[in-house]
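> This is a predicted model, with the sequence first.
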Amino acid sequence: MINTKTITIAVYAGLISVVIGAAAFALSWNLYNVLGGPVPGSKVLLFPGSLTLIYVWHPLFTEEINFWPKFALQMFGQFFVVTTMTMLCIGLAKKLFRITQKQ
């Protein structure tokens, strides 16, 4: 059984996803001219943050915001989506294991 609190695991997963997302973004940004496009796999690693940019932040703000605020919004979205999904998955796993242990 999982002894660590769900929120602790979820926050760590969110922080790790922000670090990985920032590294993937930095690599993609710096190697764009060398590779002739984004680094392969960077869109997959930045998918949670991109979802929030497209469906949450874009309707609220226009596209004309500066680079750093947009990057911060993407990383916040990355953290929020991964943390939320991790909490849901761990909660479901705990309930599933509780049900199977009773039988």
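All right, it came through fine.
> Quick one: residues in contact with the helix or strand containing residue 19.
Using DSSP states H and E, residue 19 maps to helix 6-30. By CB atoms under 8 Å, 6 or more residues apart in numbering, the residues outside helix 6-30 that reach it are 2, 38-39, 41-42, 45-46, 48-49, 71, 74-75, 78-80, 82-84, 86-87, 90-91, 94. C-beta: built from backbone N, CA, C; applies to glycine.
> Next secondary structure after that helix?
Moving toward the C-terminus from helix 6-30, the next element (DSSP H and E) is helix 32-35.
> pLDDT of that next one, averaged?
In this model, helix 32-35 has a mean pLDDT of 89.
> Might you list the low-confidence residue ranges for the chain?
1-3, 62-63, 101-103 (pLDDT under 70).
> Kindly list the longest helix within this protein.
helix 67-102 (DSSP state H).
> From the contact counts, what lies against it?
Helices and strands touching helix 67-102, by 3 or more CB pairs under 8 Å, 6 or more residues apart in numbering; DSSP states H and E, are helix 6-30, helix 47-52.
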